[in-house]
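> Pasting the sequence and the predicted coordinates here, then a few questions.
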Amino acid sequence: MGRLAHDIASLYDRAIVRPGKEPEFLILVAFLATFVIVRVITHAIRDQQGGTLRDVTIGSLHIHHLVWGILLLLTTGYLSLGFDSPHWRRPLAVLFGVGAALTLDEFALWLHLEDVYWAKEGRRSVDAVVIAATLLALFLLGQDFWVGAARLMAAFLGIR
């Protein structure tokens with residue numbers, strides 16, 4: 001298992017870090033992790049098992065997580081342009097991925113301009129996230145990474 005971890009780290013360095021694709025990788029990881037976490041939280045709130053987790057409201061107005069996503073996207077976009085520094089790339093990439101997930105998770109709200117999160121139409125949000133994540137994974141990370149990862153997994157599993 002130690003050899004596999006070393007090989008994955010080497011692949012990550014060769015296919016992600018050296019070609020300068022680490023921000024894209026961090027966007028993807030933050031995007032996927034946020035999507036999963038948000039879905040777990042929203043299901044817990046809906047099933048009234050969220051404990052202290054509740055919908056964010058101001059008076060009777062429900063503030064959708066789409067709002068927080070848009071604010072994060074606007075903020076990270078501005079900061080990325082204002083602070084074009086390698087030091088800021090990683091944290092801004094993570095924040096951008098979080099904002100993109102929060103926004104796309106409510107994609108159906110964009111289309112219908114009403115809260116359809118739990119309705120049949122809400123499935124479009126999941127579809128949008130799957131499409132975005134797939135495109136990020138395939139195109140931004142590149143063929144070298146995926147071919148190398150497949151080879152490592154095949155070798156680890158004893159498949160030739």
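Right, received. Where do you want to start? The model shown is predicted, which means the values in this text are computed figures rather than measured ones.
> show me where this protein has strands.
Taking DSSP state E as the test, the strands found in the chain are 57-58, 61-62.
> what residues does the last one touch?
Contacts of strand 61-62 with the rest of the structure, by C-beta atoms under 8 Å, 6 or more residues apart in numbering, involve 55-56, 115. C-betas here are computed from N, CA, C, even on glycine.
> before we move on, what about stretch 39-52?
For stretch 39-52, the surrounding residues in contact (C-beta under 8 Å, 6+ apart) are 53-55, 65, 105, 117-118.
> circling back: which one among the contacts of strand 61-62 gets closest to Leu28?
Comparing the contacts of strand 61-62 against Leu28 with C-beta to C-beta places Val56 closest, at 26.4 Å.
> quick one on the thing from earlier: for the strands of the chain, give me TSV that also has distance to Thr134, mean neighbour count and mean pLDDT.
Putting the strands of the chain into TSV (distance: least, C-beta to C-beta, whole Å; neighbours: other C-beta atoms under 10 Å; pLDDT from 0 to 100) gives the following:
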stretch	distance to Thr134	mean neighbour count	mean pLDDT
strand 57-58	34	8	86
strand 61-62	30	10	84
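> Any idea which of the ones you listed gets closest to Ala15?
Between the strands of the chain, strand 61-62 lies closest to Ala15; by C-beta to C-beta that is 42.5 Å.
> The residue nearest the centre of the chain - nearest residue in space that isn't next to it in sequence?
Against the mean C-alpha coordinate of the chain, by C-alpha atoms, centre = their mean, the closest residue is Phe31 at 0.6 Å. On the basis of C-beta to C-beta, 6 or more residues apart in numbering, the spatially nearest residue to Phe31 that is not a chain neighbour turns out to be Gly97, at 4.0 Å.
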